Structure formats: structure tokens, C-alpha cells
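**Student:** Model the structure of this input:
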Amino acid sequence: MNFSRREILKQSASLVIAAAGGSVLNAQTKLRSSELAGFDATGLAELIKKKQITPLELVEDTLKRIERINPKLNLVLTKNFDVEKARARAKQPLGNGAFAGVPVLLKNLAEYKDADIDFGSRLYARAIVKHGRLHKANSPFTAKMEQAGFIVVGITNAPEFGLIETTEPVLHGAARNPWNPEYTTGGSSGGSAAAVAAGIVPLAHANDGGGSIRIPACQNGLVGLKPTRRREITMFTSGGMANDVVGIANDLCVSRTVRDTAAFLNLIENKANEKLPPVGLISGPSPKRLKIALVLEGVNGKKADPEVEKAIRATAKLCQSLKHNVEEIKLPINGQEVTDAFLGYWAAGTVGLDAEIEAMLGKGVKREDVLEPWTIGMMELGRKRGLFQAVGRATKSFNQAATALESLFKNYDVILSPVMRIPPYKLGYHAPTLDFETLLARVVDEVAYTPLHNACGTPAMSLPLYWTKDNLPIGSQLAAWRGGEATLLQLAYELETAKPWAKKRPAIFAA
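**Tutor:** Predicted structure coming up:
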């Protein structure tokens, strides 16, 4: 059979999917689920705008992928959300927002009226059974997501109250890493990150109070940006321990491409914040060459595992090959003081849980029946430190560390460091049911790079540039001074082009 040149080009075009999830497809071609999974959120939005697919078709495809993949990895809490809500929303007008019609997952630490958000805790799960859904309205953050046209299709697994950097809650069971199901997804946004890495959705909500965007991004091979303190529209409007007193937590997303994260930040940032000029939409790299500080020691004074150090040094060499100036340094801060103050502040957020048990479930309920050992241990530590004393000490320590970092950033544009001190570890190694002192020592030892940027309010992101010999992701952390998200995103675009990662996917991707 003979084909004209036009017909050959037409057939070829129908098969093209760009590395970032492009949109060059024949309008009459029926897209397979595996092809749709390869698109990023921006690419899916383009397909919808060009009427190559409908929001309802995308929702149905996503729900089928959840049905296929979730039983193997336990990433989506299917009992906490009625998918008919997603189908109904997909049939409604969704406007012309940047992500209109794109399916998304919300983390189980959100304020969202159409789901049973239980914060991964048996306490809140029992309270929902007794009193009904905890949230009667959306927060400004989730409202903004829906205004942009996102369609929530489910809630992702998260650790109890987001208190630890692995996702193994007693209530819902462990989330499993799509690169190897025996390994952790990281936390606390582990379910979100693994769902994106597995190809269920192209982008998912995540939040970060000590590394909970960057750590799961690191361990699942994704882009994860924690913005500057108070950059984004707030997630929480009501009371509860999830509210942030000092301002160490941020909400944003995990994604597979830099452009998705940049577009999501542009969507969700608070552009009315006079003290923090908006970033706007960052769409590519900058010609400016940067001075980058390479930091290999964590705040605990320990160097990273050799395999992690090898990856970060490789990132440094990649930056040098792009004509950036890289210089190895040590951080000019009292790491022990910051670590101890951060731990005290983190623990202080749990001291009211006994009162919440009584208020929600009545007298006579044992905390051991509704809270995990890790949470109880943190609560006891918080009481020992004292709520007001811990917050006061944290405020002083964080300000001192921020002053030191600000001085450092007068000489450097970016800090390059590991995300975690060790590569991804097997499930159970940081399980919240372990002896508290044993687990505490492991957490302090290994989560040694991310909390500093929560303490100082500085933006930081993880990029998936390298993998271990066992094919597990290792993220590289880039950080800038407050307000420096544009610098990080511009550098990220450059690194993404120099060492693309979008086509590197776990075997289960788009199964």
C-alpha cells in the first residue's frame, strides 16, 4: 500500500508524546491509558483545551488506574472519598483555568469538605464515625485548586498527623514505593508522591513541615518544591494541631516535570502578600550563571551515605558543566541547637492530643487505642519540653539560623545538598510502632538536611537526577534565600534539560 508524504506525517504525529508529557496527537486517535499516563498535568490540560479528550474520560481513566495499581501499593484511600463526586464534577463547567479538567489527588492532611480527612489517625477516624465529616468547607488552598479546574479523584495515604518521614500508618497500612514495593515512599506526602511516580496522576497535593514534600519526591523520583514561608494561600482555616504556629509548613505539590510545579506555584501563591512579591510563571532557564555552595554534611555534622554523596557530587559536576561555579562549604550554623529546637517545636504540636481524645470520643478512651507509639512519644517529649518554652526556644533558634543563612546567601545563590542522609530504606525501618527512643535516634540521624529550610523559611526543592545501584531514586536538594523560587525553578529547568528524567519510570507505571 502506498502512502503520501502527508499521510505518513499524519500517522507519525499521532504517536508523538514529548518527554515532558507533550500534546502533539492526532485528534481522531483514541488515546490508550498508557499514553495518557505519560502526559504531565500541563499536557493533559492542553489535550482538554483542544478537545482531544474530555475531563470525564480522564477521570474514568484515572479511576481505572487506581483500581489496577492501588491494590499493589496502597497509595489511595479509596474508602475516604466517593468517586461519584469526581464524575459529577467532570460533567460540570470547569472554566478556563490552567489545569481545567485535570485529575488530582489530595493528601490526607488537607481541609476538604468532600472527603473523610482523618489525618492518618484512628482518633480522627473514630471521631468521623461518631460525629460525621470533620471539615464542612474547603480551605482557601483547596478552593483555589478547584477554581483552577482540578478534579479531585481521591485522597492519598499519609502518616499519622504527618509526624514522620515514612508513610506507614497503623490506620491505613503502609504505602509502598513503586520502584520497589518493599521500600518506603517517604513521608509525609508519601502516598501522593508514589501515586504520581506510579502514573496514577501527573500531579498531587503535598505539604512540608520538615521535608514532607522533598523527602517523598527524593524517594520516588519526582520534582518537589517547598516554597518560601507563607508563600502560598493557606491550607487550614480551622483549629487543630495541624495548624502551624511559627510558620514552618508549606503546601504545594509533587510532580514529574518542572513546568507543572512552576505552573502550580503560579496558581496557588498568594499574590496579595505585600512582603513577598509574587514569583509568577517561570517558564524556562535563566542565562545568569550561579554561585552554588555544595554542602555534604547535615546539620548533625555527619556526611551522607557514600551512594548519596556520589549522587550529590555528580549533580555538582553537572552544574559545573553548565558553567555554574560550585564551591564546597560547611554551613555556618549551630546544627545541634537548630535540630534540638526543631524537635522540641515539632513535639509541642502534639501536647493537646489527650484533650482532643476526650473532646472527640469522651472519657475513658485509652490513648494507646487511638494513637501510635511514635505520636505518644512525641506528645510526652513535648510535655517534657513545655509548649511555650519549646515555641520560644524554636523562634529564637530559627531566627539565629536564618540570620546565618542570609549572610551565606550574600555570597552564594543556591545551596546544593542531599535530601536524606541515606538512600531509600525498607518499610519497617522507621515504622511508627517501633520503640520511641530507637526511632527518634534514626530520624535525627537521617533527616539532617531538610528541616533547616522549614526553620529558616527558605525555599528548597528536590530534583530526581540520580538513582542508586538498586534503581531507587536519590534526589538532589537545591535551596535559595527567601523569595528565591524563581532561581530554583530556572536552575531546575536547566538541569531537567541536561539530564532528563521524565522517561525514567518504575515498571508499574501505567500498568
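**Student:** Could you check how many residues crowd around residue 336?
**Tutor:** Neighbours of residue 336 under the rule other Cβ atoms under 10 Å: 11. Any C-beta I mention is one placed from the backbone N, CA and C, and that applies to glycine too.
**Student:** tell me the SS of it?
**Tutor:** Following DSSP: H, G, I helix; E, B strand; the rest coil, residue 336 is assigned to helix.
**Student:** surely it meets residue 300?
**Tutor:** Yes: at 7.4 Å, residue 336 counts as touching residue 300 under the criterion of Cβ atoms under 8 Å.
**Student:** can I have the longest helix seen in the chain written out in PDB, keeping just the CAs?
**Tutor:** When the chain is scanned for its longest helix (criterion: DSSP state H), the result is helix 387-408. C-alpha atoms of helix 387-408 as PDB (Å, rounded to 0.1, in the frame of the first residue of the first chain):
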ATOM      1  CA  LEU A 387       4.700  24.100  74.900                       C
ATOM      2  CA  PHE A 388       5.500  27.800  75.400                       C
ATOM      3  CA  GLN A 389       9.200  27.100  76.200                       C
ATOM      4  CA  ALA A 390       9.600  25.000  73.100                       C
ATOM      5  CA  VAL A 391       8.000  27.600  70.800                       C
ATOM      6  CA  GLY A 392      10.000  30.400  72.400                       C
ATOM      7  CA  ARG A 393      13.200  28.500  72.000                       C
ATOM      8  CA  ALA A 394      12.400  27.500  68.400                       C
ATOM      9  CA  THR A 395      11.600  31.100  67.500                       C
ATOM     10  CA  LYS A 396      15.000  32.300  68.800                       C
ATOM     11  CA  SER A 397      17.000  29.400  67.300                       C
ATOM     12  CA  PHE A 398      15.300  29.600  63.900                       C
ATOM     13  CA  ASN A 399      15.900  33.400  63.700                       C
ATOM     14  CA  GLN A 400      19.600  32.900  64.500                       C
ATOM     15  CA  ALA A 401      19.900  30.200  61.900                       C
ATOM     16  CA  ALA A 402      18.100  32.400  59.400                       C
ATOM     17  CA  THR A 403      20.500  35.300  60.000                       C
ATOM     18  CA  ALA A 404      23.400  33.000  59.400                       C
ATOM     19  CA  LEU A 405      21.900  31.600  56.200                       C
ATOM     20  CA  GLU A 406      21.000  35.100  55.000                       C
ATOM     21  CA  SER A 407      24.700  36.100  55.400                       C
ATOM     22  CA  LEU A 408      25.700  33.000  53.400                       C
END
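**Student:** Find me the pLDDT at the residue nearest in space to the middle of the chain, would you?
**Tutor:** Centroid-nearest residue in the chain: residue 213, 2.9 Å away (criterion: Cα atoms, centre = their mean). Among the per-residue scores, residue 213 holds a pLDDT of 98.
**Student:** do the same with residue 509
**Tutor:** 89.
**Student:** Could you verify my assumption that it touches residue 197?
**Tutor:** Yes: between residue 509 and residue 197 there is a contact under Cβ under 8 Å: 7.5 Å.
**Student:** Mind listing the shared neighbours of those two?
**Tutor:** residue 178 (Cβ atoms under 8 Å, 6 or more residues apart in numbering).
**Student:** more neighbours, the two?
**Tutor:** residue 197 (29 against 19).
**Student:** what's the distance between the closest residue to the more buried one other than its chain neighbours and residue 156?
**Tutor:** Closest residue to residue 197 apart from its sequence neighbours, by Cβ to Cβ, 6 or more residues apart in numbering: residue 220 at 3.9 Å. Note on residue 220: its distance to residue 156, by Cβ to Cβ, to the nearest Å, is 12 Å.
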